[in-house]
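Enquirer: make a model of this:
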Amino acid sequence: MTEKFSSLSIENSIATLTLARPERMNALHPAAHYELAGVFDALARDASLRAVILTGSGKAFCTGYDLKDNLETGKIDLPPSGFGGLTFRDDYPLPLIAAVNGPAFGGGFELALACDLIIAADDALFALPEPKVGWAALGGGLQRLPRAIGTKRAMSMILTGRSVTAAEGEHLGFVNQIVPGADLLAAAKAWAAQIAECAPLAIRCSKQVAYASLNQPSFAAMMDLASYSTAAPLFESEDAAEGKRAFAQRRKPNWQGR
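Expert: You can find the predicted model right below:
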């Protein structure tokens, strides 16, 4: 796959996907959204991958939908998988780490919220400023932020459109770690490496159950393993047997992803 509005590198089973429209502060137009949707699809099919890091080039992570492009073309278009090809997905199999290197505004914040972990540079900023331009954060921000940090805290951002620093984001609960900008990718890769040490089927199951259980109608349904497609295959997998053997033999397991 040839990327025009993003770049992709893969090292040690970790993919790093970088938004590459620095001249627009990584604001995304339709072609970029569709390109990213294809990239995320391709990464999900790659059985060798253990995690994906999403970051931005230049001074910004992503400043949302490209309003200048919208004014020029009159066109708003997203793929079925949402903003950046990601925010409408609720079952992405690979762990996602947002390495937020600068402003993450609007759809950019929604992209970060769609990731499982947010690692932020110390000068990163976060906001859902759509009401200030007559829009609403309908790409997942209004849905994910209250779940992530609670309704009252989320509404302090949603109803004002105000910018939040990385430090406040950590206090509110949506930022996992703050590091100097120069250390951002190294920190994200360190988290990814920890994930990669675990059995990939176990990580996939853990991620599915953690999110899907939020939508179950009762505690009994939440605890019913038949509700989760990854649970039974996990217990029957070669990796489950390998994990027990490695533990008994006091060695590192050799995960096969099957």
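Enquirer: residues near residue 123, how many?
Expert: Counted with other C-beta atoms under 10 Å, residues neighbouring residue 123 total 15. From N, CA and C alone the C-beta is placed, and that goes for glycine too.
Enquirer: was I right to think it contacts residue 100?
Expert: No - using C-beta atoms under 8 Å, residue 123 makes no contact with residue 100, being 9.9 Å away.
Enquirer: which stretches in the stretch 51-200 of the chain count as helices?
Expert: In the stretch 51-200 of the chain, the helices defined using DSSP state H, counting those that start in this stretch lie at 67-73, 107-113, 141-149, 151-158, 166-172, 184-196, 200-212.
Enquirer: out of the ones you listed, which is the most enclosed?
Expert: Comparing these by mean neighbour count (mean count of other C-beta atoms under 10 Å), helix 107-113 comes out on top with a mean of 30.
Enquirer: which residues sit against that one?
Expert: Helix 107-113 is contacted by residues 26-28, 54, 56, 60-65, 83-84, 86-87, 98, 100, 104, 118, 126-128, 137, 139-141, 144-145, 148, 174 when judged by C-beta atoms under 8 Å, 6 or more residues apart in numbering.
Enquirer: make it 6 Å
Expert: For helix 107-113, the surrounding residues in contact (C-beta atoms under 6 Å, 6 or more residues apart in numbering) are 61-65, 83-84, 87, 98, 100, 104, 118, 126, 128, 139-141, 144.
Enquirer: do the same with stretch 159-169
Expert: By C-beta under 6 Å, 6+ apart, stretch 159-169 touches 120, 122, 124-127, 129, 131-132, 175, 178.
Enquirer: now it, how far from the centre of its chain.
Expert: Centroid separation for stretch 159-169 versus its chain: 19 Å, with C-alpha atoms, centre = their mean, to the nearest Å.
Enquirer: CA-only coordinates of it, as CSV, when you get a sec.
Expert: C-alpha atoms of stretch 159-169 as CSV (Å, rounded to 0.1, in the frame of the first residue of the first chain):
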residue,chain,number,x,y,z
LEU,A,159,-20.1,22.2,26.7
THR,A,160,-17.3,24.8,26.6
GLY,A,161,-15.1,23.5,23.8
ARG,A,162,-12.1,24.5,26.0
SER,A,163,-8.6,23.2,25.5
VAL,A,164,-7.1,20.9,28.1
THR,A,165,-3.4,20.5,28.7
ALA,A,166,-1.7,17.1,29.0
ALA,A,167,-1.4,17.6,32.7
GLU,A,168,-5.1,18.2,33.1
GLY,A,169,-5.9,15.3,30.7
